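In: Output the structure for:
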Amino acid sequence: MFEVNNGKALENAERAAQIAEQVGADMALAWSWNFIAGSKMGLGRVTEGFRHIEDSYQAALKGGHYFQIGNAVFNASWMAAHLGRGREAQKWLDRASAGWAGRTEAWPLYIQAFVFLQQGHVQRAAEFARTALMRARDTRNAKNEWRGSLLVAHALAESLRGDEAAAELPPLSSRVEAQDMVYDAAPRIRTRLAQGDMAGALRDAMTVDPGVCDLGSPADVVAEVARNDRAWLRTFVDALSAQGEVLESPRLAAAHGWLALYEGKFDEAVALLGSAVAKFEEGGLRLDVWHVGRGLAEAEAKSGNREAAQRRLAAIASAAEVEGARLAAKLARDVAAELGLEVAPAPEPAVESADGDRVATGERMVSVLFADVRGYTEISGRSAPADMLERIASLQRWASQEVARRHGLVDKFAGDSVMATFNVSGQSVDHTLQALQAAIAIIDKASLVDLPVGAAIAVGPAVVGRLAESANLSVLGEVTNLAARLQSQAAAGEVTLSEEAYRRVQDWLSTRGTGVERIEIELKGFSGPVIAYRVRASATAFSRA
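Out: Next up is the predicted model:
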């Protein structure tokens, strides 16, 4: 099945199921149904395939076979998204996002990130993909690390951060199985587009074998960038291996629609691309709506309906920009410019100001930093008030500068304490590293005025924004409580990291040879011991911070 030989795979899987039934091996039977499902879908028998994968899931659930449960959830979500069946993908995504607390596997986070990306939640996808990648590295799962790197690159590319995406991409030679082309085609092609390299995008598209498009994807993304070689695209589309119910996939309609557009068959392109966009919209796959929609708009304009094209491109640019899908927004504006249609220019990138005026209220994955002076009462008792006031003023000034330098926001100062939040805009994937670098710099500068500072960083979801007019920026979530509790455990010159915060910065720490101590501590308000990591924050050890 991994080599997309569905007929042989189905034969072997059905034989395995028969043997499992004969010997009463429930786990093996559930496992074989999973392979039967994938093979049947690749042969175009999609309804049967999803029925088998549901049987596999229910049987594995009943038997408590965790690996088989996870495999059913992952495969069904992944195949539904590649088929362009958004509602089916969401059904299985709900199963992927519940019931896995406390486990360390990367796959639940990966598949959530993958579907989020197709749904147009670009920044959320980037966060989940980055965490999935770190989990894969922690567990030394090379295959999931490879997939995670691709997904991080894809999310960065859709954010129009092409060079960062390229740095994440594994080499093309890292493909092992035929299905790897399905995993890496869109990340590679979109990364090239984000870098403005159309020729490179076409070269990467030409590495995809049409035989792997048995579920429809990635034929649509391949066709999208083949404008300059229509003859090759015609050969590719004619060789697509999809059959049966897969022929109804909006991804195939999109591939044929792009070809019609490039061949000058504009009315045909409108019909094909329009049907694809309608199905993507129905399933909530907004990233596909935006990318395929710009092709539909071009076809509409060239078939005489410029007003519809202008409305569509303006809507794409606006909606995509809101979700951080800046590549889709840019490409829509590029098409509008080529067609002479008026679409509002891209807004200036939001700068996270110190008062948070430009932060829209909403849920983010954030890094929260708490820092304060250790032994403040004792130090105050032996210092002149004017001297102490000047030192604390210096600390607050330095904290403001170091946090702002790394795109964070200081939420509040409370005497000798500082609280700052990173990623309030949802635009950063490296916010934990930014928080750690800020903490190190604050601790170092505070030592210049003999203030021994300890700090802590925690990562988690929070609602961020102004909850009332003229109110201060609020960050609401358990993550703030965790950071505050961890900070109370940090000695002077130390940064205490939550487990998730450490996951995100451990590679950076290891390259600097930093000593890290794993600890388990009891914290007020948390049931059971909390795992954390202590880092000595000497600036001389972090000269590149």
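In: What is the lowest-mean-pLDDT helix or strand in the chain packed up against?
Out: For the chain, using mean pLDDT, DSSP states H and E, the weakest element among its helices and strands is helix 6-23, scoring a mean of 76. Applying 3 or more C-beta pairs under 8 Å, 6 or more residues apart in numbering; DSSP states H and E, we find helix 6-23 packed against helix 26-42. No exception for glycine: its C-beta is placed from N, CA and C like everyone else's.
In: List the buried residues of the helix it packs on.
Out: Of the residues in helix 26-42, 28-42 count as buried by neighbour count, 16 or more other C-beta atoms under 10 Å.
In: Okay, angle between whatever helix or strand comes next after it and helix 6-23 too, please.
Out: Downstream of helix 26-42, the next assigned helix or strand under DSSP states H and E is helix 46-63. Interaxial angle, helix 46-63 versus helix 6-23 (axes from the mean of the first three to the mean of the last three C-alpha atoms, to 10 degrees): 30 degrees.
In: what helices or strands is helix 46-63 leaning on?
Out: helix 26-42, helix 66-83.
In: now for the shortest one, which elements pack on it?
Out: The reference is to helix 26-42. On the basis of 3+ C-beta pairs under 8 Å, 6+ apart, helix 26-42 makes packing contacts with helix 6-23, helix 46-63, helix 66-83.
In: quick one on the thing from earlier: what separates the least confident helix or strand of the chain from the chain centre, distance-wise?
Out: 36 Å (C-alpha atoms, centre = their mean, to the nearest Å).
In: List the buried residues of it.
Out: Buried, per 16+ other C-beta under 10 Å, within helix 6-23: 6, 9, 10, 12, 13, 14, 16, 17, 20.
In: what's near enough to touch the last one?
Out: What it means is residue 20. 26, 28, 29, 31, 32 (C-beta atoms under 8 Å, 6 or more residues apart in numbering).
In: Could you pull out the strands in this protein for me?
Out: Under the criterion DSSP state E, the chain contains strands at 362-373, 408-414, 417-422, 453-465, 474-476, 494-498, 516-521, 530-536.
In: Residue 428 versus residue 404, what's the distance?
Out: 14 Å (C-beta to C-beta, to the nearest Å).
In: the more surrounded of those two?
Out: Neighbours per residue (other C-beta atoms under 10 Å) separate residue 404 from residue 428, with residue 428 holding more: 24 against 17.
In: quick one: pLDDT of the residue nearest to the more buried one when sequence neighbours are not counted?
Out: With C-beta to C-beta, 6 or more residues apart in numbering as the criterion, residue 428 has its nearest non-adjacent residue at 6.3 Å, and that residue is residue 407. On pLDDT, residue 407 comes in at 86.
In: try residue 45
Out: 94.
In: so who does it touch?
Out: By C-beta under 8 Å, 6+ apart, the residues touching residue 45 are 244, 245.
In: weakest of the helices and strands packed on helix 46-63 by average pLDDT?
Out: helix 26-42 (a mean of 83).
In: related to what we said a few turns ago, so can I have TSV of the helices and strands packed on helix 26-42 showing distance to residue 179?
Out: Listed next are the helices and strands packed on helix 26-42 as TSV, based on distance: least, C-beta to C-beta, whole Å:
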stretch	distance to residue 179
helix 6-23	11
helix 46-63	15
helix 66-83	10
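In: ok, back up a step: closest one of the contacts of residue 20 to residue 107?
Out: Checking the contacts of residue 20 against residue 107 by C-beta to C-beta gives residue 31 as the nearest, at 15.9 Å.
In: Roughly how far does that closest one sit from residue 53?
Out: Taking C-beta to C-beta, one finds residue 31 at 12 Å from residue 53.
In: Any stretches of the protein with poor pLDDT?
Out: 1-6, 97-104, 348-361, 466-473, 538-545 (pLDDT under 70).
In: How is it divided into domains?
Out: Using automatic domain parsing, the domain parsing of the chain gives 1-82, 104-207, 212-347, 362-542.
In: which parts of stretch 333-351 are buried?
Out: Under the neighbour-count criterion of 16+ other C-beta under 10 Å, stretch 333-351 has 333, 335, 336, 339, 341, 343 buried.
In: How about the fifth one: what's its closest non-neighbour residue?
Out: Closest residue in space to residue 341, ignoring its immediate chain neighbours: residue 310 at 4.4 Å, by C-beta to C-beta, 6+ apart.
In: Run a quick neighbour tally on the one you found.
Out: 19.
In: give me every residue that touches it.
Out: Contacts of residue 310 (C-beta under 8 Å, 6+ apart): 297, 301, 336, 341, 342, 343.
In: Which member of the residues you listed is positioned nearest residue 205?
Out: For the contacts of residue 310, the nearest to residue 205 is residue 297 (21.4 Å; C-beta to C-beta).
In: I'd say that closest one and residue 316 touch.
Out: Yes - with contact defined as C-beta atoms under 8 Å, residue 297 reaches residue 316; the gap is 7.4 Å.
In: anything in contact with each of those two?
Out: residue 332.
In: Quick one: mark the members of the contacts of residue 310 that sit in helices.
Out: 297, 301, 336 (DSSP state H).
In: Just name the closest of those residues to residue 254, please.
Out: residue 297 (13.5 Å).
In: show me the contacts for that closest one.
Out: Applying C-beta under 8 Å, 6+ apart, the residues near residue 297 are 308, 309, 310, 312, 313, 316, 332, 335, 336.
In: can you tell me which residues contact the closest residue to residue 13 other than its chain neighbours?
Out: Among residues not flanking residue 13 along the chain, residue 35 sits closest, at 3.7 Å (C-beta to C-beta, 6+ apart). Contacts for residue 35 (C-beta under 8 Å, 6+ apart) come out as 1, 9, 12, 13, 16.
In: try 10 Å
Out: For residue 35, the contacting residues are 1, 9-10, 12-14, 16-17, 52-53, 56, 71, 75, by C-beta atoms under 10 Å, 6 or more residues apart in numbering.
In: Dump those to TSV, plus distance to residue 90.
Out: Output for the contacts of residue 35, formatted as TSV (distance: C-beta to C-beta, whole Å):
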residue	distance to residue 90
1	24
9	27
10	27
12	31
13	27
14	30
16	30
17	28
52	20
53	15
56	19
71	19
75	15
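In: out of those, who's nearest residue 498?
Out: For the contacts of residue 35, the nearest to residue 498 is residue 71 (30.0 Å; C-beta to C-beta).
In: any idea how far the residue nearest to residue 55 when sequence neighbours are not counted lies from residue 115?
Out: Closest residue to residue 55 apart from its sequence neighbours, by C-beta to C-beta, 6+ apart: residue 33 at 5.2 Å. Residue 33 is 22 Å from residue 115, where distance means C-beta to C-beta.
In: Number of residues surrounding residue 63?
Out: 14.
In: was I right about residue 409 contacting residue 418?
Out: No - taking contacts as C-beta atoms under 10 Å, residue 409 lies outside contact range of residue 418: 11.4 Å.
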